[in-house]
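*Asks:* sequence-free structure coming up:
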């Protein structure tokens, strides 16, 4: 019996030791001297995407890559694999961030327009083994750096987060979509200093490693770039359709236009921006194919809109000035029934009402209701434009009135159930004497 327990204990120790070894298996070697094989951009596919439009798929290798480590702030790792995350075992390199740079000026010919670009990295190592997926962010670098000299202490400044992706522990390809960024690099509107990837940098053992350009395998980093060339060199012309001066809190915005190419290749997608009270422009819809969408604003604020389009050849229209604007009217109007005399001996008398929509869209219609001798409310005037109508009493008694208004954008004032004007009708002799249902003030 004791021997059996000993065997179980030994097996448990072996399993625990094996699991620990798997969780802390060594990654790729660090601080090694390697030389990247010569590689050129390669055309993977070429096809006619539309009449007069040729689409080309390129694989572009990096011209530089490295990683930096917070616990080796002055060390360069230009020849190593690309480590990401946090290393907290062994030599403890701390937080690690890959940097990569690609040359687009040569592979993309003049007139070529990028329509899709994706950074692809192949995972070679994950720790712990079978680790949960790690969220990453990608930032555009704002200053030059060199593969053989960049360190944590001299790393270039980076911009806002451009994109992100989730990196699992499977040894496969992972992608970051950077179409807009690559397009700006190629067009020269943004300096091309490459990019940096940041993962989970909490102090723990949780890291990834990707193949770098120094690998002799086919797993080197690359950009997959699709660009188009076309005889259509003119961008489309689109504009946001007119809006009324006032709109409800949620309203529809639409846009329309046409491609100006000769021959035209057709509109591929739209970008729409808005601004509030004449302020800075804010992206609303990016690279969408629809031509309308609902927008929700705040009451009392003016919203301006402008749109641009991209055609199938990749020509992009420049944003212009404001093309449509409207003020959100989200407040209901106020109305009331004008005072009536306390008593009348006529069965027909005039009832009038009035309202105000403040600085909103204006009153469109009124609803007026009444009740008799404290009974149920009954609609008398529905969706009327009038502000005064004769009322015909059907019997002697006590009549109460209440009004509500609806403005031009559909904001409706609620009925509150409180009379705004009242009158005693005493059209037949003998005259009424005060009754229990009459208010004390008029008995």
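*Replies:* The structure has been received and is ready for your questions. Bear in mind that the values here come from a model prediction, so they are computed numbers and not experimental data.

*Asks:* how about residue 44: what's its closest non-neighbour residue?
*Replies:* Excluding its sequence neighbours, the residue lying closest to residue 44 (C-beta to C-beta, 6 or more residues apart in numbering) is residue 57, at 4.5 Å. Any C-beta I mention is one placed from the backbone N, CA and C, and that applies to glycine too.

*Asks:* now do the buried residues in the helix or strand hosting that neighbour.
*Replies:* Element membership for residue 57, per DSSP states H and E: strand 53-60. By 16 or more other C-beta atoms under 10 Å, the buried positions in strand 53-60 come out as 53, 54, 55, 56, 58, 59, 60.

*Asks:* by contact count, what packs against the helix or strand just after it?
*Replies:* The helix or strand immediately downstream of strand 53-60 is strand 64-69, counting by DSSP H and E. Counting contacts by 3 or more C-beta pairs under 8 Å, 6 or more residues apart in numbering; DSSP states H and E, strand 64-69 packs against strand 82-87, strand 94-101.

*Asks:* name the stretch among the ones you listed that sits most buried.
*Replies:* Highest mean neighbour count among these (mean count of other C-beta atoms under 10 Å): strand 82-87, with a mean of 26.

*Asks:* show me the contacts for the residue nearest to residue 44.
*Replies:* 43, 44, 45, 46, 224, 225, 226 (C-beta atoms under 8 Å, 6 or more residues apart in numbering).

*Asks:* give me the buried subset of the residues you listed.
*Replies:* 224, 225, 226.

*Asks:* and residue 184, helix, strand or coil?
*Replies:* Of the three states, residue 184 takes helix under DSSP: H, G, I helix; E, B strand; the rest coil.

*Asks:* so, low pLDDT: which residues of this structure?
*Replies:* The model of the chain has pLDDT under 70 over residues 1-25, 430-443.

*Asks:* where do the helices sit along it?
*Replies:* 2-23, 179-187 (DSSP state H).

*Asks:* need the residue closest to the centroid of this protein.
*Replies:* Centroid-nearest residue in the chain: residue 284, 6.7 Å away (criterion: C-alpha atoms, centre = their mean).

*Asks:* can I assume that one is in contact with residue 276?
*Replies:* No: when contacts are counted by C-beta atoms under 8 Å, residue 284 is not listed as touching residue 276 (11.3 Å).

*Asks:* grab the longest strand from this structure for me.
*Replies:* strand 113-127 (DSSP state E).

*Asks:* can you pull the buried residues of that one?
*Replies:* Within strand 113-127, judged by 16+ other C-beta under 10 Å, the buried ones are 113-127.

*Asks:* direction included, what does that strand pair up with?
*Replies:* Strand 113-127 pairs in its sheet with strand 173-177 (antiparallel), strand 206-210 (antiparallel), strand 222-230 (antiparallel), by DSSP bridges.

*Asks:* just the ones you listed: most buried one?
*Replies:* strand 206-210 (a mean of 25).

*Asks:* contacting residues for the residue nearest to residue 295 when sequence neighbours are not counted?
*Replies:* Among residues not flanking residue 295 along the chain, residue 253 sits closest, at 5.1 Å (C-beta to C-beta, 6+ apart). Contact partners of residue 253, counting by C-beta under 8 Å, 6+ apart, are 240, 241, 243, 272, 292, 293, 294, 295, 305, 324.

*Asks:* what bridges to residue 253?
*Replies:* Residue 253 has these beta-bridge partners by DSSP bridges: residue 293.

*Asks:* and it, how close does it get to residue 130?
*Replies:* Per C-beta to C-beta, to the nearest Å, residue 253 is found 48 Å from residue 130.

*Asks:* quick check, residue 226 in contact with residue 56.
*Replies:* Yes: Residue 226 lies in contact with residue 56 (C-beta under 8 Å); the separation is 7.0 Å.

*Asks:* tell me the domain ranges of this structure?
*Replies:* 24-230, 237-328, 334-442 (automatic domain parsing).

*Asks:* quick one on the thing from earlier: between the strand holding residue 57 and helix 179-187, how big is the angle?
*Replies:* Interaxial angle of strand 53-60 relative to helix 179-187 (axes from the mean of the first three to the mean of the last three C-alpha atoms, to 10 degrees): 90 degrees.

*Asks:* roughly how far out does strand 53-60 sit from the chain middle?
*Replies:* In terms of C-alpha atoms, centre = their mean, to the nearest Å, the centre of strand 53-60 is found 29 Å from the chain centre.

*Asks:* sheet-wise, list the partners of it with their directions.
*Replies:* strand 42-50 (antiparallel), strand 222-230 (antiparallel).

*Asks:* burial of residue 203, as a residue count?
*Replies:* As a burial measure, residue 203 scores 10 neighbours (other C-beta atoms under 10 Å).

*Asks:* to clarify, my last question referred to residue 105.
*Replies:* 9.

*Asks:* spatially, what comes nearest to it if we skip its sequence neighbours?
*Replies:* Using C-beta to C-beta, 6+ apart and skipping the chain neighbours, the partner closest in space to residue 105 is residue 186 (7.3 Å).

*Asks:* and the one you found, how many residues sit next to it?
*Replies:* Neighbours of residue 186 using other C-beta under 10 Å come to 20.

*Asks:* mind checking how far it is from residue 424?
*Replies:* 84 Å.

*Asks:* next: residue 112.
*Replies:* 87 Å.

*Asks:* do the same with residue 368
*Replies:* In terms of C-beta to C-beta, residue 368 sits 19 Å off from residue 424.

*Asks:* ok, residue 198 next?
*Replies:* Residue 198 sits 80 Å away from residue 424, taking C-beta to C-beta as the criterion.

*Asks:* residue 238 too?
*Replies:* According to C-beta to C-beta, residue 238 stands 65 Å off from residue 424.

*Asks:* so between these two, which is more surrounded?
*Replies:* Legend: neighbour count by other C-beta under 10 Å for residue 238 and residue 424, higher for residue 238 (24 against 21).

*Asks:* what pairs with the more buried one across the strands?
*Replies:* Beta bridges link residue 238 to residue 257, judged by DSSP bridges.

*Asks:* what do you get for residue 140?
*Replies:* With DSSP bridges as the rule, residue 140 is bridged to residue 195.

*Asks:* ok, now how distant is it from residue 27?
*Replies:* 27 Å.

*Asks:* check residue 405 too.
*Replies:* From residue 405 to residue 27 the distance is 72 Å (C-beta to C-beta).
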